[in-house]
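In: Fold the following.
(chains A and B)
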Amino acid sequence: MNPADLHAMAREEQARQEALRCRIMVCAGTPCLSAGALAVLDALRQAVEESRLDAEIEAVSTGCMGPCSRGPLVKVAVQGKPEIVYERVTPELARQILYSVVKGRRPPTASPLPPDHPYFTRQMKIVLANCGSIDPERIEEYVATGGYDALAHALHEMTPEDVCREISASGLRGRGGAGYPAGVKWNLARKAPGERKYVVANGDEGDPGAYMDRSVMESDPHRILEGMAIAGYAIGADQGYIYVRGEYYLAGRRLEAAIRDAERKGLLGSRVLGSNFSFRIDIRTGAGAFVCGEETSLMASIMGRRGQPWHRPPYPAQRGLWGCPTLINNVETLATVPAIIGRGATWYAGIGSTRSPGTKVYALAGQVETAGLIEVPMGTTLREVVFDIGGGIPGGKRFKAAQSGGPSGGCIPAEHLDTPLDYESMERIGTIMGSGGLIIMDETSCMPDVASFFLDFCRDESCGKCIPCRVGSMEMHRLLRRITSGTAWPDDLRRLEELCDLMGATSLCGLGQTAPNPVVSTLRYFRHEYEAHIRERRCPAGRCTMAAEQEPGPGGKALLHAVGVPGEVG
Amino acid sequence: MNSTDNSPGKGTPDGLAADPRFKVVERTLKQYQYRADALLEVLHVAQETFGCLSDELMTHVARQLRVPPSRVYGVATFYHFFTLEARGEHSCVVCTGTACYVKRSAEIVTRLENEFDVKAGKTTADGKLTLSTVRCLGSCGLAPIVVLDGETVGRCTPDSAAAAVRVMLAEKSPARAETVRPVRRRKGEGQ
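Out: Just a heads-up that it's a prediction; the model follows:
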């Protein structure tokens, strides 16, 4: 296939869709599937067939539409009319929607989400542009939206240097969490000497409460493949790996199918789009280890070993997989690439804030009215995200904090609701952007308990290679458990803070270095809660159960809380 | 699994060679050209087919990929996904990710542990139910989530989860999972 064939394929599919009177899209992302989307799709397809409308109406399954907590979602696009999204659709409701479309009426009992709802109007979709509007299992639909155009443009009209320069100029920063400038990484990998080079897409989304990458992989797999191929061309690699988290079965299956289709059409494989560039992509499936999100552990895992990190430098861009230069980017970063190459770095750099351009996808979850996947320009404030897009806190409760960045991140308390969400501002208030999980907590959440939850996670996920992380996380979790069960000693808070410093300064990889962050950040904003647990043996949020008996101190004596008796010896 | 008396140092253990499921593993080994770096992929398939990784299965994989058995054992025990113990007839996985935690999934785990007399990560004495927890399934919009024989159930309460497990245990054979891999099963497993 050459670029002309690609355009012909796009035109053909566009013409096919334009000839339809109506396209009814059923969200088939994991949350909607578990809410019963398949039954809805079956009912629709059956109804279309029965009423012999297949020529004018098409019922398709798409990827994630966003407001997951309102699923199953159905989007109706009647030719020449604005799209309408219906929430909590049942098979019966779906049939009614279809019949009303046929008759040109609004369905009587269906519940459409208002199109002017801030959930839709406040978002800006670049990475998620196709999520929820194309069938992820049909390559034609991706091509019809201009897919693989950017790859064709890069291969035929740009040199690898040009591509790297464009990515640098766009200011794109790694979306995996650290925010390292993508252009710098690409240039390093391009300049690194080596016969073989690799591109790796990091789809090991281990942060609990984050599912942006899952949704992109499930809903728009070709966008990632295209981004990887552009990256491969830019750095001179001919092999790519997508490391998909083991739990994401559907994402793996859709990516596999997408790779097969792209190879069949000559968009991957040898001589891509009639150029001299060849690029193959293989999938590697993770097996449930959070540490594999760290780039060196991830590479160890791809090479079939235990996912344990190694020292950097040398960085993967110099020595990575099998000792060859390897470019590792997060799935979301790579999914942004086609848009930047297609529409230009200047356009992209103009979005968001100056030092953090572009948009960011967040997984909004927890105690919020509308949980789901959103994409907003960098610099949007937390207040807009929680109250405008997310619809606020349910049950008339008060917003207490938002947890961002997962086990490596921290909490944003109510007084910082107006902080713009970008890399610098979030760092300033003691948290990180992370991969984009935003868990909203109301007044019923107990902050020491939240910290304990994350430390339990890190303790469990520590790979055990370095001692500060292996022992430190256990010890910190033990201290936190004592605090939340009301058996803490007065000195425990000081020991906890000491351990935070120690672990952060001496751990080998990002997991251990950032593991204390949830504790540091909750101590910064909610120290009084820790003190209430220790001194008054009371949980202000009413969540923790306090033990009746105190744990014996050194020498078997119970320590008194009220009196400042020194804690342990040493 | 079938047999445990394999003579070390010889090709395929008799117990394994006779097992029809074994062909699936062999095919995967061949597909990856017996390359050591395919270890994880091979173990995935082996576990999916056999339900768990037995000693003889791991020894065989080590021999075929020409890596020390300690490497295979090390990998199999490092990753949460792999299990060396046979699973129960039905599976119940409770998500303990952050969103589910905020919505109190810990209470669901405790309730199920008490009601079915099984610790999280273990199988009941009668081999009927394996209760496990998982770190986020990425369906946080529906938190808290419980996966019963591969079918995701959202917005659970301790009561609704316990009731759903009772219904599942009353059913005869587990449904096949499509969307979630950890609990995916094949026909014929556990018979």
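
In: Every contact and neighbour count from this point should use C-alpha atoms.
Out: Fine.

In: who does the helix or strand of chain A with the lowest mean pLDDT touch, helix- and strand-wise?
Out: Least confident helix or strand of chain A, by mean pLDDT, DSSP states H and E, is strand A:112-113 with a mean of 83. Judged by 3 or more CA pairs under 8 Å, 6 or more residues apart in numbering or on different chains; DSSP states H and E, the packing partners of strand A:112-113 are strand A:84-86.

In: After the least confident helix or strand of chain A, heading C-terminal, what element do we hit next?
Out: helix A:118-121 (DSSP states H and E).

In: now the next helix or strand after that following helix: how far from the chain's centre is it?
Out: For helix A:118-121, the succeeding helix or strand toward the C-terminus, using DSSP H and E, is helix A:139-144. Centre-to-centre, helix A:139-144 and its host chain are 24 Å apart (CA atoms, centre = their mean, to the nearest Å).

In: Packing partners of helix A:139-144?
Out: helix A:3-19, helix A:249-264.

In: Indicate which one of these is closest to residue B:88.
Out: helix A:249-264 (21.1 Å; CA to CA).

In: Flag every residue of the stretch 201-350 of chain A that's near chain B.
Out: A:206-211, A:214, A:246-250, A:284-289, A:301-307 (CA under 8 Å from any CA of the partner chain).

In: Mind checking which of those are in strands?
Out: A:284-285 (DSSP state E).

In: buried residues in the helix or strand containing residue A:499?
Out: In this structure, residue A:499 sits in helix A:492-506 according to DSSP H and E. Buried residues in helix A:492-506, counted by 16 or more other CA atoms under 10 Å in any protein chain shown: A:492-493, A:496, A:499-500, A:502-504.

In: same deal with stretch A:382-394?
Out: A:382-387, A:389-393.

In: measure it end to end?
Out: 17 Å (CA to CA, to the nearest Å).

In: State the mean pLDDT of it.
Out: The pLDDT scores in stretch A:382-394 average 95.

In: close to chain B, is that stretch?
Out: No. Contact of stretch A:382-394 with chain B (CA under 8 Å from any CA) is absent, the minimum separation being 11.4 Å.

In: can I get the CA coordinates of the helix or strand bottoming out on mean pLDDT in chain B in CSV?
Out: Across the helices and strands of chain B, mean confidence by mean pLDDT, DSSP H and E is lowest for helix B:14-17: a mean of 71. Output of helix B:14-17 as CSV, limited to C-alpha atoms (Å, rounded to 0.1, in the frame of the first residue of the first chain):
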residue,chain,number,x,y,z
ASP,B,14,5.0,-39.2,31.0
GLY,B,15,2.2,-37.6,32.8
LEU,B,16,2.5,-34.5,30.8
ALA,B,17,3.0,-36.1,27.4
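
In: Identify each buried residue in the helix or strand just after that helix, please.
Out: Downstream of helix B:14-17, the next assigned helix or strand under DSSP H and E is helix B:22-31. By neighbour count on 16+ other CA under 10 Å, the buried set for helix B:22-31 is B:22, B:25-26, B:28-29.

In: coming back round to it: run the chain-centre distance for the helix holding residue A:499.
Out: Mean C-alpha position of helix A:492-506 versus that of the full chain (CA atoms, centre = their mean) differs by 29 Å.

In: Would you mind pulling the contact partners of it?
Out: A:468-469, A:472, A:476, A:479, A:512-517, A:519-520, A:567 (CA atoms under 8 Å, 6 or more residues apart in numbering or on different chains).

In: Can you report how many residues lie near residue A:47?
Out: Burial of residue A:47, expressed as a neighbour count using other CA atoms under 10 Å in any protein chain shown, amounts to 19.

In: ok, and the closest non-adjacent residue to residue A:55?
Out: Distances taken as CA to CA, 6 or more residues apart in numbering or on different chains place residue A:20 nearest to residue A:55, at 6.9 Å, with adjacent residues excluded.

In: of the buried residues of helix A:492-506, closest to residue B:54?
Out: Nearest to residue B:54 among the buried residues of helix A:492-506, with distances taken as CA to CA, is residue A:503, at 37.0 Å.

In: hang on, isn't the residue nearest to residue A:55 packed against residue A:53?
Out: No. In this structure residue A:20 lies outside contact range of residue A:53 using CA atoms under 8 Å: 10.0 Å.

In: Which secondary structure state does residue A:234 sit in?
Out: When classified by DSSP: H, G, I helix; E, B strand; the rest coil, residue A:234 comes out as helix.

In: which residues touch the residue nearest to residue A:35 when sequence neighbours are not counted?
Out: Take residue A:35 and drop its neighbours on the chain: the residue closest to it by CA to CA, 6+ apart is residue A:72, 5.7 Å away. For residue A:72, the contact set (CA under 8 Å, 6+ apart) comprises A:26-27, A:31-33, A:35-37, A:87-90.

In: May I see these arranged in a markdown table, with secondary structure and pLDDT as well?
Out: As requested, the contacts of residue A:72 are exported to a markdown table (DSSP: H, G, I helix; E, B strand; the rest coil; pLDDT from 0 to 100):
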| residue | secondary structure | pLDDT |
| --- | --- | --- |
| A:26 | strand | 96 |
| A:27 | strand | 94 |
| A:31 | helix | 87 |
| A:32 | helix | 90 |
| A:33 | helix | 89 |
| A:35 | coil | 87 |
| A:36 | coil | 89 |
| A:37 | helix | 93 |
| A:87 | coil | 91 |
| A:88 | coil | 91 |
| A:89 | coil | 92 |
| A:90 | coil | 92 |
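
In: TSV for those residues, including neighbour count?
Out: TSV is the format used below for the contacts of residue A:72 (neighbours: other CA atoms under 10 Å in any protein chain shown):
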residue	neighbour count
A:26	33
A:27	32
A:31	30
A:32	28
A:33	20
A:35	26
A:36	20
A:37	26
A:87	19
A:88	20
A:89	24
A:90	21
